[in-house]
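# Here is the input, now give the coordinates:
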Amino acid sequence: MQTLNYGTYYNLNYLAEIADGDQGFMHELTNTFVLQTPKMIAELRNAVDANNYELTTYYAHKLKSSCEILGMSYAAGICLKIELASVNKRDLNSLINDLEVLVHQLTVSTYELNIAAA
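Numbers count the residues shown, from 1 in each chain. Reported below is the predicted structural model:
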């Protein structure tokens, strides 16, 4: 149950700090991320495609929090951009490129964290 503190897009130093070195807690949070993120990505993508501002705001905010805890500052910034666009009722289709970058970073990170936990 070893978790690497660095991946292509994540840095677990903040998580290690708040976990106060508790590897079990870190593993639990990263495992939750690995298990829940693919569904949240799909839900966010569906919400954006449907121009559903309420769900887009919800999933972007939820993913933003997860990204911040896992030291994924660029991905968290994209989530914030999507969240704010949704709150302000902007055209969500203009965010497709940002969404694809976010999906890529989250997919790579879930894969790496899953491998590291094995």
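# hang on, isn't R45 packed against L102?
No: in this structure, R45 sits apart from L102 without contact. The criterion is Cβ atoms under 8 Å, and the distance is 9.6 Å. C-betas here are computed from N, CA, C, even on glycine.
# Comparing those two, which shows the higher neighbour count?
More neighbours sit around L102 than around the other of R45 and L102, counting by other Cβ atoms under 10 Å; the figures are 27 against 17.
# Spatially nearest residue to the more buried one (excluding sequence neighbours)?
Across the structure, with Cβ to Cβ, 6 or more residues apart in numbering as the measure, the residue nearest L102 apart from its sequence neighbours is I78 (4.5 Å).
# Likewise for M26?
A19 (4.8 Å).
# I'd assumed F25 was in contact with that neighbour.
Yes: between A19 and F25 there is a contact under Cβ under 8 Å: 4.5 Å.
# Give me the pLDDT for N13.
At N13, the predicted lDDT confidence score is 89.
# and it, what does it touch?
Going by Cβ atoms under 8 Å, 6 or more residues apart in numbering, N13 touches N5, G71.
# Likewise for N46?
The contact partners of N46, by Cβ under 8 Å, 6+ apart, come to N52, L55.
# next structured bit after whichever strand or helix holds it?
If you go by DSSP states H and E, N46 is part of helix 23-49. For helix 23-49, the succeeding helix or strand toward the C-terminus, using DSSP H and E, is helix 53-69.
# So for the residue nearest to L102, what pLDDT did the model give?
At I78, the model reports a pLDDT of 97.
# where does it fall, helix, sheet strand or coil?
Under the three-state scheme (DSSP: H, G, I helix; E, B strand; the rest coil), the conformation of I78 reads as helix.
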